[in-house]
Each structure stands twice: as structure tokens, then as C-alpha cells.
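> Sequence first, then the predicted structure:
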Amino acid sequence: MKSSFAFLLLVSGAVMNIEPTPEAALLYPYGLDQSDRKNPKLDDGTSKRLSLSVPFTFYSKEYRSLYVNNNGVISFDTKVKQYTPDPFPLVDGRPFVAPYWGDVDNVLGGDVFYRQTTDPALLKLITQNINQYFPSIPFTATWAFVATWDHVAYYGSTSNKGNTFQAVLTTNSNTSFVILNYKDIQWTTGVASGGDPKTGLGGTPAHAGFNNGDETNYYNIPSSRTEAVINITQTSNVNVPGRWVFQVDDFKVTGVPTEAPHAAASKSCWL
């Protein structure tokens, strides 16, 4: 269905809002000059299976490999080519981080970069940020994985709109965090998910959050799968507009009103 639409297209030519932070201060360095790799230009494409130099603990389980999926997902057990986001918790056991799960088409525009790193300068910056947001948790980053979706287009686009966002996984071998950065979000939905080709809006909007894979533990960032997700650059749980940060080894939600701690907290009344 999607491929036939692409052919026709080629032929036919409520979290508090706060002041934006400077873009340069939000995204961690990325790109080819940072020794990043790039995903193939492929609709619904993914990276190859990437072996991690250190284990990363997510919801109390250690993972030693992951995939960077074009459609805004970092997954641990299997590739995720699905383009229309389902609500969490998923019933099929897929554990993943979804910075912005939507129908990306990097053939039409943009790039998906990634790298794992022990660069001292980057780890120092990440450590400073985590210490600022979580002063009661002793943490010095010893490893990070940085994935960046740079001005990526949506499937079926007839516009120049692009989204730029980033997910950073980091650990000290005991405690793990995920940092989600949203620099520029201009669309929410691809055409195959019911979106408008001119605006990238409507249909089933993108989803941001975390899924453990056990059908019980998950977390939805407020506004996920609603039209308001386009405003995620203005919201935060650490008082930095466009940045969301979570401890994920034993998943904890901080800075966001919830119904109850642990698993039930993910069933947030915001959604």
C-alpha cells in the first residue's frame, strides 16, 4: 500500500509550556564529524543489529544489542518497521524506547545518525546534566549511545517539513538513563497513518514513551498519539524545554504527575 502511494506521489510530483532553550544547548553533538553512522535511505528501514560494548539495563533487564529504526524507535530484541504507532502497553512483547514513533521517510528527506561512545567530553557533559536533574543519585557516565533523527520527512510528504530529535542512552554499569531531546517537530503523521500530505498532521499522531514488553510496565509521555505531541519541544520533566529524562534501569517517573508509582504510574491521567 505504501509503495504504491509513493509511486503515485513521484508521478504527480498538557504539561506546562515554558520558554524555548537555545538549540545548540539542547542536542548533543551528532553527525559524520562525530564519527556517526547513518541508516540507509529506506522507507521503514532500520540499522543492522548493533552490538553494545557494555550492557544497558532497561526495566531491570540487561541488553547487549539494539536496533535504530527509521520510524523513531530504538528497539532491543527485534527490528521495528511498523509505521503507525500502537498505544502502550504493546501486547507483542517488544521492548523499546520511542523518542518519536511515527512514519518517517528519510528517502524524502533527512538522515538518521547513531553511535556508541566513551568520548570523555561528551560523557562529562552528560554526567553534568544527569547530576543536575537527579542530584540525589550518584552518577558518572561511562558510556553513551546517541541516535539522532535529523530533519526527517514523513511518508507521503508534499512539503519541506522535517523533524529533528534525539535519544541518548547512558550508563555507569549500574544505573541507566535515557535522555530525549526535541529540537524541531513540524509534523506528527505520515499519509499511510491518515495524515495530510501537505501538513503532516491528522490521522494517528506520533507516540513518545517506553515499553517494557511485559504488557504491564510502560510509560507514555504526555500528549503522545494526540495532535498536541507537536508541542513536545515546549514541554519537559526536567525544566528544560524539549528535554525529557528518565532513569530506566528500574524505571522511575519524575517531574510528571502520575496516578501511582511504578507500573500504574505509566497509565498517566495526562493521556
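Done, it's in.

> Pull the contacting residues for the residue nearest the centre of the chain.
In the chain, the C-alpha nearest the mean C-alpha coordinate belongs to residue 99, at 1.4 Å (Cα atoms, centre = their mean). The neighbourhood of residue 99, defined by Cβ atoms under 8 Å, 6 or more residues apart in numbering, consists of 72-74, 147, 149, 165-167, 180, 182, 208. Glycine gets a C-beta too; all of them are placed from N, C-alpha and C.

> So what's the residue count around residue 138?
Per other Cβ atoms under 10 Å, the neighbour tally for residue 138 reads 10.

> how about the strands of the stretch 101-250 of the chain, start to end?
Applying DSSP state E, counting those that start in this stretch to the stretch 101-250 of the chain gives strands spanning 111-117, 143-152, 163-171, 176-184, 207-211, 218-220, 243-247.

> returning to what we had before: which one of the contacts of residue 99 sits closest to residue 107?
residue 149 (13.9 Å; Cβ to Cβ).

> tell me the contacts of residue 96?
Shown in contact with residue 96 (Cβ under 8 Å, 6+ apart): 73-76, 80, 210-211, 213.

> and those residues as a markdown table, adding neighbour count?
A markdown table is the format used below for the contacts of residue 96 (neighbours: other Cβ atoms under 10 Å):
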| residue | neighbour count |
| --- | --- |
| 73 | 27 |
| 74 | 22 |
| 75 | 20 |
| 76 | 20 |
| 80 | 23 |
| 210 | 24 |
| 211 | 29 |
| 213 | 22 |
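
> Just give the nearest non-adjacent residue to the residue nearest to the centre of the chain, would you?
What sits nearest to residue 99 in space, not counting adjacent residues and going by Cβ to Cβ, 6 or more residues apart in numbering, is residue 167, at 4.2 Å.

> Now do the contacts for the one you found.
By Cβ under 8 Å, 6+ apart, the contact list for residue 167 reads 74, 97, 99, 146-147, 178-181.

> mind redoing it with 6 Å?
For residue 167, the contact set (Cβ atoms under 6 Å, 6 or more residues apart in numbering) comprises 74, 97, 99, 147, 180.

> Tell me the spacing between the third one and residue 89.
The gap separating residue 99 from residue 89 is 18 Å, by Cβ to Cβ, to the nearest Å.

> my guess is residue 154 contacts residue 192, does it?
No. Using Cβ atoms under 6 Å, residue 154 is not in contact with residue 192, being 9.5 Å away.

> okay, and the common contacts of those two?
Taking Cβ under 6 Å, 6+ apart as the criterion, residue 154 and residue 192 both touch residue 103.

> Between those two, tell me which one has more neighbours.
More neighbours surround residue 154 than the other of residue 154 and residue 192, with 32 against 21 (other Cβ under 10 Å).

> Please give me every residue in contact with the more buried one.
Contact analysis of residue 154 by Cβ under 6 Å, 6+ apart lists 103, 187, 190, 200.

> in the stretch 1-150 of the chain, which spans are helices?
2-11, 23-26, 120-133 (DSSP state H, counting those that start in this stretch).

> These: lowest mean pLDDT?
Among the helices of the stretch 1-150 of the chain, helix 2-11 carries the lowest mean pLDDT, a mean of 47.

> Buried ones in stretch 44-58, by neighbour count?
44-47, 50, 52, 56-58 (16 or more other Cβ atoms under 10 Å).

> List the contacts of it.
39, 62-70, 79, 81, 83, 143, 169, 171, 176, 248-249.
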